[in-house]
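K.L.:
from the sequence below, what's the structure:
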Amino acid sequence: MLESVVPPYEFAYDGARVRILEVAKSRMVDGTTWYFVHLRIAYRGKESRRFTLYVRSWDELLKKLLVEIPKFKLAVLLGYEV
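P.N.:
As a prediction, the model looks like this:
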């Protein structure tokens with residue numbers, strides 16, 4: 001699925017907006033394929049800095065986003081400048 005994503009791609013997930021800015025594919029020495037996904041998260045008018053998640057599939061990206069989105073939401077709700 002990540003091979004067919006044409007950035008920028010934006011979607012809603014877990015109450016936030018996720019914007020995929022770039023997807024880079026890499027094949028490791030052992031033959032596994034990894035994707036370097038550069039993205040931003042937006043919540044309540046605040047947008048995160050660009051950061052990278054290293055994943056092997058779309059499902060793994062969604063699982064990692066379920067960790068990253070609540071951390072960003074907490075930072076916004078606590079008033080941290082992001």
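K.L.:
taking the centroid of this protein, which residue is nearest it?
P.N.:
L39 (4.7 Å; CA atoms, centre = their mean).
K.L.:
wait, that one touches Y54, no?
P.N.:
No. If you go by CB atoms under 8 Å, L39 and Y54 don't touch, sitting 11.8 Å apart. Just so you know, the C-beta spots here come from the backbone N, C-alpha and C atoms, and that holds for glycine as well.
K.L.:
before we move on, the earlier item: so which strand or helix has the residue nearest to the centre of the chain?
P.N.:
Per DSSP states H and E, L39 falls inside strand 33-43.
K.L.:
list the strands paired with the helix or strand just after that strand, with their directions.
P.N.:
Later in the chain than strand 33-43, the nearest helix or strand by DSSP H and E is strand 46-47. Within its sheet, strand 46-47 is paired with strand 33-43 (antiparallel), according to DSSP bridges.
K.L.:
so which bits of the partner strand are buried?
P.N.:
Neighbour counts using 16 or more other CB atoms under 10 Å place W34, Y35, V37, L39, R40, I41, A42, Y43 of strand 33-43 among the buried residues.
K.L.:
put the alpha carbons of that strand into CSV.
P.N.:
In CSV, the C-alpha atoms belonging to strand 33-43 read as follows (Å, rounded to 0.1, in the frame of the first residue of the first chain):
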residue,chain,number,x,y,z
THR,A,33,11.8,-3.8,2.4
TRP,A,34,11.4,-0.8,4.7
TYR,A,35,9.7,2.5,4.1
PHE,A,36,10.9,5.8,5.5
VAL,A,37,7.7,7.8,5.9
HIS,A,38,8.1,11.6,6.5
LEU,A,39,5.0,13.1,8.0
ARG,A,40,3.3,15.7,10.1
ILE,A,41,0.4,15.5,12.6
ALA,A,42,-2.2,18.3,13.0
TYR,A,43,-4.5,18.6,16.0
